[in-house]
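*Asks:* With the sequence up front, the predicted model follows.
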Amino acid sequence: NDNKIYFSFGNSKDECFYIKIFRADLNKEMFEFKKFFEHQECKKDRTGMNYQHIGGRMTSLNENNLLFTVGDFGDEDTPQDKQSIFGKIVSIDLNQKDYEILSIGSRNAQGLYYDEEKNVIINTEHGPTGGDEVNVNLNPGSEKIENFGWPLASYGTDGDKIFAQSHSELGYVEPMKNFTPSIGISEVIKVSKKFNPDANYDYFISALGWKEQMNEGDQSIHHIRFDENFSKIIYEDIIPIGERIRDIIYVPDINAYLLVLETIPALGVLKLVN
């Protein structure tokens, strides 16, 4: 973003856990990373916490703000607490380095995309056992803070714990799609019209998961299309890959998508073959 490279990571200090962002100028010689963002809230280490639930996905909102997902760290007390940064999607001011909460009720959002044309945020969310979600925020930057329901609503389960399934009946945002069984949902990115001239509100969603569960949608790219109001999904397709796909980006110069594949590990290329 603006010739700067950012990375996020989980960090522990004085029995507290944090998520931070560092950044450096982009050049061919050396990246000199310096701290860009650090929240003040302490997440105390305690039984039941899960340090895989840190979120950490970033994307640009506009020239002045960065979107950032913060997981719940396995602590179900914080996602519904508007005084806490945990279990949220936030907007960080690139100059002031303070943040604003855009949505609450997240568990571990691992995919994030801002559609500037329609002014909507699409995020993907890891459920517990089942309940991976595709969520849409139609009101980013407004006074309304959207609530995606975690941990009070989920289509997944957690051991013997069963959640309320319908989000909308409790006043939360209903997922556009839930994957039960889970697919190990990961990044979400818009399908370029250069790549597919028929694409309008089309997105690729990548999946982690396991090769023996590819019949459930694991280790694949899920192609979905929304209607023009982002009120429903009107088309779905699956591109089997056979690798855990952590990340996906579009490279216009080669009109192809680059994939970060974890199992080998390797970089992959997704392109159209006429």
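*Replies:* Yes, it's here.

*Asks:* what does the model give the residue nearest the centre of the chain for pLDDT?
*Replies:* Ranked by distance to the mean C-alpha position of the chain (CA atoms, centre = their mean), the top residue is G111 at 2.2 Å. G111 carries a pLDDT value of 98.

*Asks:* Report the beta-bridge partners for the residue nearest to it when sequence neighbours are not counted.
*Replies:* Closest residue in space to G111, ignoring its immediate chain neighbours: T124 at 3.2 Å, by CB to CB, 6 or more residues apart in numbering. C-beta: built from backbone N, CA, C; applies to glycine. Counting by DSSP bridges, T124 is bridged to G111, V134.

*Asks:* surely T124 meets N135?
*Replies:* Yes: the criterion here is CB atoms under 8 Å, and T124 meets it with N135 at 7.5 Å.

*Asks:* List of residues touching the worst-scoring helix or strand of the chain on mean pLDDT?
*Replies:* Least confident element among the helices and strands of the chain, by mean pLDDT, DSSP states H and E: strand 43-44 (a mean of 86). Contacts to strand 43-44, defined as CB atoms under 8 Å, 6 or more residues apart in numbering, come from residues 15-18, 49, 73, 75, 78, 86.

*Asks:* Among these, find the lowest-pLDDT one for me.
*Replies:* Among these, M49 has the weakest pLDDT, 79.

*Asks:* For the residue nearest to that one when sequence neighbours are not counted, give me phi and psi.
*Replies:* Spatial nearest neighbour of M49, excluding adjacent residues (CB to CB, 6+ apart): G74 at 4.2 Å. When read as degrees, to the nearest 10, the backbone of G74 gives phi 80, psi 10.

*Asks:* Next, count neighbours for G74.
*Replies:* The burial count assigned to G74 is 18, neighbours taken as other CB atoms under 10 Å.

*Asks:* From E100, how far out is it?
*Replies:* Shown here: G74 relative to E100, a distance of 25 Å by CB to CB, to the nearest Å.

*Asks:* just to revisit the earlier point, my guess is the residue nearest to the centre of the chain contacts R57, does it?
*Replies:* Yes: counting by CB under 8 Å, G111 does reach R57; the two are 6.5 Å apart.

*Asks:* Need the overlap of contacts for these two.
*Replies:* With CB under 8 Å, 6+ apart, G111 and R57 have common neighbours 123, 187.

*Asks:* what sits against L94?
*Replies:* For L94, the contact set (CB under 8 Å, 6+ apart) comprises 63-66.

*Asks:* ditto for Y99
*Replies:* If you count contacts by CB under 8 Å, 6+ apart, Y99 has them with 37, 39, 68, 85, 90-93.

*Asks:* returning to what we had before: quick one, which of the contacts of L94 are buried?
*Replies:* Buried members of those, scored by 16 or more other CB atoms under 10 Å, are 65-66.

*Asks:* Of all pairs in the contacts of L94, which one spans the longest distance?
*Replies:* E63 and L66 (10.3 Å; CB to CB).

*Asks:* Could you report the distance from the residue nearest to M49 to D132?
*Replies:* 17 Å.
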